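Participant: Just a sequence and a predicted model for now, questions to come.
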Amino acid sequence: MSEILVLVDHVDGAVRKTTTELLTIARRLGEPSAVFVGAGIDSARETLAAYGADKIYILDSDELTDYLVVPQAEALAQLMASASPAAVLVPSTPEAREVAARLAVKTESGLITDAVDVQPGPDGSPLTTQSVFAGGFTVQASVTRGTPIVIVKPNSATPEQTAGAAVEETVDVVVSEGAKTAQVVKREPRTKSGRPELTEAAIVVSGGRGTGGDFSDVEALADALGAAVGASRAAVDSGWYPHSYQVGQTGKTVSPQLYVANGISGAIQHRAGMQTAKTIVAVNKDAEAPIFELVDFGVVGDLKQVLPQATEEITRRKD
Amino acid sequence: MKIVVCVKHVPDATAKRSFDAADHTVDRAGVDGLLSELDEYAVEEALTIAAAGDGDGEVVVLTVGPEQALDAARKSLQMGAHAAVHVVDDAVHGSDAFGTSLVLAKAVEKIGSDTPVDIVLCGMASTDGAMGVVPAMLAERLGLPQVTFAAEVTIDGTKVTARRDGDVATETVEATMPLVLSVTDQINEPRYPSFKGIMAAKKKTVETWSLADLGVDPSEVGLAAAWTSVQEVAARPPRSHGEVVTDDGDGGRQLVEYLAGQKLI
Ligand SMILES: Cc1cc2nc3c(=O)[nH]c(=O)nc-3n(C[C@H](O)[C@H](O)[C@H](O)COP(=O)(O)OP(=O)(O)OC[C@H]3O[C@@H](n4cnc5c(N)ncnc54)[C@H](O)[C@@H]3O)c2cc1C
Ligand SMILES: Nc1ncnc2c1ncn2[C@@H]1O[C@H](COP(=O)(O)O)[C@@H](O)[C@H]1O
């Protein structure tokens, strides 16, 4: 079996859930090798091994993280040349997306973006499923040139644990001067909300213009359900909720078990980010709102009445 | 200062978008198209940068696409861009991001052959393919620094500082011109073409280039040269309509009853 490189998504060594999904997918295609860029391997090792990494390549150099995208693309190109993997799986973050893009040009390899499923094709190479046009179409594609590089969306697989050998190899990377052109001079970590991460959450409760700017009912319901909070662009543009919580075409794509849209009309650009949720529930006072075309269950009503009652009922049932 | 803005003509997202049944490419003829809304932010930013300082910046819009793609360039001219280049060639049909970025790179080089280009501006992603990779590929091909997904840009001489709102952190990035810059929909409020702008656009130059004009071999682009292949395209079955109730004092409890029935709580 051949190696499948998985670019690890982590924050100072804390491995994000998407990486465990990518490792699970990699096992369908070959032997997973985790590629860990940056500092913090001590915190990551255990998780990577638990989800089946046979190898861990460690690329720990400040040059790789102090400059945008290009040094990482160079380093991965060097690693691809030495490891000759059968495929490379990359998480769908803005930075990794572009690392993959440049890597693809450098290695003359076909690139598939935003796969929602990856399975071995007839010849063993990845056969990907993408959801396009705001979730309106499903496309199956494969790479016809070079080493398949696939950017994979969060929630594309259910992470499965299995022990991997996790043999470590430190890779010495050579970063050219030409790659050090866009310097990251400052990094301010986001303040944590204490709620589950939007793209990883099993339940997302979101609010739109219909909240009138008061997200407290949305947040209370989210907390009763143990959910993440999302927002429409109208709510974000009004300054009611931070941009990092925006769901949709220019925000996050979520694919939870349950999505509860409150005071959101259901514009095509919003749907693009939530249409693949398993179950969709909406509360909207306009019975004609397009969001009701998508719902499994809907309530026509004022969210200011409906949400507090739902929250109260959930709390009552828990006791 | 010379700025090239790459703009794409895309099928209207609110119209019925589909694929060509024969070759699985995006159907661009059977549906109304427009300037990708996300590229309006790039045009706006280019105009703002060009108007700053001495105010003598030049904005050239560049679009690669079929006949009707000219509309995207024209709208950019109406917004205030100074000149436009439209690369149109039957051989480009079906190009993936590799082919598109190659053609864009060659066109940017040609545009810069008289006076060099300082900034190549792009949108964050096209609203049809939504790959968000062309700017990075373009930078790779041109050998230029890339500052991408910028939500805020400050320019000081040839130094460009940008804010990137990442998943886990907000980053401040610095680079020096010439560079490739892509901007998000957080960066500005695109202007509408004014009546004056619409009239003025009629007199602006639009150059039409073929692959031969760019020295690109047709075999390097198009569907046959794509590095990926689409096997199957299927319309997603519409979601089955669920139950919708009207709240008369019990809506919240009914909602919870539904969730409990689905074992979601
Ligand atoms: C290029 C582009 C990208 C975009 N990207 C995104 C994106 O990523 N995400 C996104 O969300 N949008 C995006 N949009 C914007 C999108 O088109 C819509 O404008 C936006 O989603 C509308 O948000 P909304 O549903 O909250 O507001 P509205 O459309 O104004 O809907 C508000 C809803 O709230 C209901 N309501 C009002 N009061 C109450 C109440 N008291 N109780 C219950 N219901 C109430 C109303 O009936 C209405 O249906 C994008 C647009 C473009 C052009
Ligand atoms: N055919 C094209 N013509 C001009 N610019 C393009 C074209 N395709 C992509 N771009 C530019 O690249 C950006 C990202 O596109 P994409 O990678 O396809 O999502 C767009 O916002 C445009 O600025």
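Facilitator: Structure received. Ligands and ions are numbered 1, 2, ... in the order given.
Participant: near ligand 1, which residues of chain B?
Facilitator: Contact residues (C-beta under 6 Å from any ligand atom) of chain B with ligand 1: B:E37, B:L38, B:T127, B:D185. For the C-beta atoms, the positions are set from N, CA and C on the backbone; glycine is no exception.
Participant: no, scratch that, I was asking about chain A
Facilitator: Going by C-beta under 6 Å from any ligand atom, the residues of chain A near ligand 1 are A:208-210, A:232-235, A:246-251, A:263-265, A:267, A:269-270, A:273, A:283-286, A:289, A:302-304.
Participant: Can I have the buried ones of those residues as a PyMOL selection?
Facilitator: Selection of buried members from the residues of chain A next to ligand 1 for PyMOL, criterion 16 or more other C-beta atoms under 10 Å in any protein chain shown:
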select buried, chain A and resi 208+209+210+232+233+234+235+246+247+248+249+250+251+263+264+265+267+269+270+273+283+284+285+289+303+304
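Participant: Which ones among the residues of chain A next to ligand 1 map onto helices?
Facilitator: A:R233, A:A234, A:A235, A:Q269, A:H270, A:L303, A:K304 (DSSP state H).
Participant: Once you drop chain neighbours, what's closest to the second one?
Facilitator: This means A:A234. Among residues not flanking A:A234 along the chain, A:R209 sits closest, at 4.1 Å (C-beta to C-beta, 6 or more residues apart in numbering or on different chains).
Participant: Roughly how far does the one you found sit from A:D237?
Facilitator: To A:D237, A:R209 is 9 Å away according to C-beta to C-beta, to the nearest Å.
Participant: One more: A:T144?
Facilitator: 41 Å.
Participant: Look at those two and report which has more neighbours.
Facilitator: With neighbours defined as other C-beta atoms under 10 Å in any protein chain shown, A:T144 and A:D237 compare such that A:D237 has more, 16 against 13.
Participant: Go through stretch A:221-239 and flag the buried ones.
Facilitator: Buried residues in stretch A:221-239, counted by 16+ other C-beta under 10 Å: A:221-225, A:227-237.
Participant: Off-centre distance for the lengthiest strand in chain A?
Facilitator: Scanning chain A for the strand with the most residues, using DSSP state E, yields strand A:111-120. Taking C-alpha atoms, centre = their mean, to the nearest Å, one finds strand A:111-120 lying 13 Å from the centre of the chain it belongs to.
Participant: ok, residues contacting it?
Facilitator: A:25, A:28-29, A:89, A:92, A:97, A:100-101, A:104, A:126-131, A:141-143, A:148-153, A:156-157, A:253, A:255, A:276, B:97-98, B:130-133, B:227-228 (C-beta atoms under 8 Å, 6 or more residues apart in numbering or on different chains).
Participant: for residue 66, what are its contacts?
Facilitator: Going with chain A. A:D66 neighbours (C-beta under 8 Å, 6+ apart): A:K180, A:Q183, A:V184.
Participant: Not quite, go with chain B.
Facilitator: Applying C-beta under 8 Å, 6+ apart, the residues contacting B:P66 are B:H9, B:R28, B:A29, B:V88, B:H93.
Participant: Next, format those residues as CSV and append neighbour count and distance to ligand 2.
Facilitator: Converted to CSV, the contacts of B:P66 look like this (neighbours: other C-beta atoms under 10 Å in any protein chain shown; distance: C-beta to the nearest ligand atom, whole Å):
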residue, neighbour count, distance to ligand 2
B:H9, 26, 7
B:R28, 19, 11
B:A29, 10, 15
B:V88, 17, 10
B:H93, 16, 11
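Participant: Report how many residues lie close to the closest residue to B:T154 other than its chain neighbours.
Facilitator: Nearest residue to B:T154, sequence neighbours excluded (C-beta to C-beta, 6+ apart): B:T161, at 4.6 Å. Residues within reach of B:T161, counting by other C-beta under 10 Å, total 17.
Participant: now the helices for chain A?
Facilitator: A:17-29, A:41-50, A:62-66, A:70-83, A:94-107, A:216-225, A:233-237, A:268-271, A:303-318.
Participant: will you turn those into JSON lines that also has distance to B:L223?
Facilitator: Formatted as JSON lines, the helices of chain A follow (distance: least, C-beta to C-beta, whole Å):
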{"stretch": "helix A:17-29", "distance to B:L223": "26"}
{"stretch": "helix A:41-50", "distance to B:L223": "39"}
{"stretch": "helix A:62-66", "distance to B:L223": "36"}
{"stretch": "helix A:70-83", "distance to B:L223": "26"}
{"stretch": "helix A:94-107", "distance to B:L223": "18"}
{"stretch": "helix A:216-225", "distance to B:L223": "46"}
{"stretch": "helix A:233-237", "distance to B:L223": "34"}
{"stretch": "helix A:268-271", "distance to B:L223": "27"}
{"stretch": "helix A:303-318", "distance to B:L223": "48"}
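Participant: from the buried residues of stretch A:221-239, which two are the most distant?
Facilitator: A:A224 and A:D237 (27.5 Å; C-beta to C-beta).
Participant: Quick one: residues contacting residue 32.
Facilitator: Here I'm looking at chain A. A:E3, A:I4, A:V6, A:L23, A:A26, A:G52, A:A53, A:D54, A:K55, A:G164 are the contacts of A:P32 under C-beta under 8 Å, 6+ apart.
Participant: think we crossed wires, I meant chain B
Facilitator: B:D32 touches B:P11, B:D12, B:A15, counting by C-beta under 8 Å, 6+ apart.
Participant: just to revisit the earlier point, reformat the helices of chain A as a markdown table; add mean pLDDT and distance to B:T154.
Facilitator: Below are the helices of chain A laid out as a markdown table (pLDDT from 0 to 100; distance: least, C-beta to C-beta, whole Å):
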| stretch | mean pLDDT | distance to B:T154 |
| --- | --- | --- |
| helix A:17-29 | 97 | 32 |
| helix A:41-50 | 97 | 35 |
| helix A:62-66 | 93 | 20 |
| helix A:70-83 | 96 | 21 |
| helix A:94-107 | 96 | 20 |
| helix A:216-225 | 98 | 34 |
| helix A:233-237 | 97 | 22 |
| helix A:268-271 | 94 | 28 |
| helix A:303-318 | 97 | 40 |
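Participant: Of all these, which one comes closest to B:S194?
Facilitator: helix A:233-237 (23.3 Å).
Participant: Show me what the closest one is packed against.
Facilitator: If you count contacts as 3 or more C-beta pairs under 8 Å, 6 or more residues apart in numbering or on different chains; DSSP states H and E, helix A:233-237 packs onto no helix or strand.
Participant: what stretches of chain A score poorly on pLDDT?
Facilitator: Counting by pLDDT under 70, chain A has low-confidence residues at A:1.
Participant: Recalculate using a threshold of 90.
Facilitator: Applying pLDDT under 90 to chain A flags the ranges A:1, A:131-137, A:155, A:173-174, A:189-193, A:200, A:276, A:318-319.
Participant: just the stretch 101-250 of chain B next, same as before
Facilitator: Using pLDDT under 90, the flagged stretches of the stretch 101-250 of chain B are B:127-131, B:166-169, B:223-226, B:231, B:236-241.
Participant: now the strands for it?
Facilitator: All strands of the stretch 101-250 of chain B, identified by DSSP state E, counting those that start in this stretch, fall at B:119-123, B:146-156, B:159-165, B:169-176, B:179-183, B:206-209, B:228-235, B:243-246.
Participant: Could I get those in a markdown table, plus columns for distance to A:G38?
Facilitator: Formatted as a markdown table, those follow (distance: least, C-beta to C-beta, whole Å):
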| stretch | distance to A:G38 |
| --- | --- |
| strand B:119-123 | 27 |
| strand B:146-156 | 19 |
| strand B:159-165 | 17 |
| strand B:169-176 | 13 |
| strand B:179-183 | 24 |
| strand B:206-209 | 43 |
| strand B:228-235 | 29 |
| strand B:243-246 | 48 |
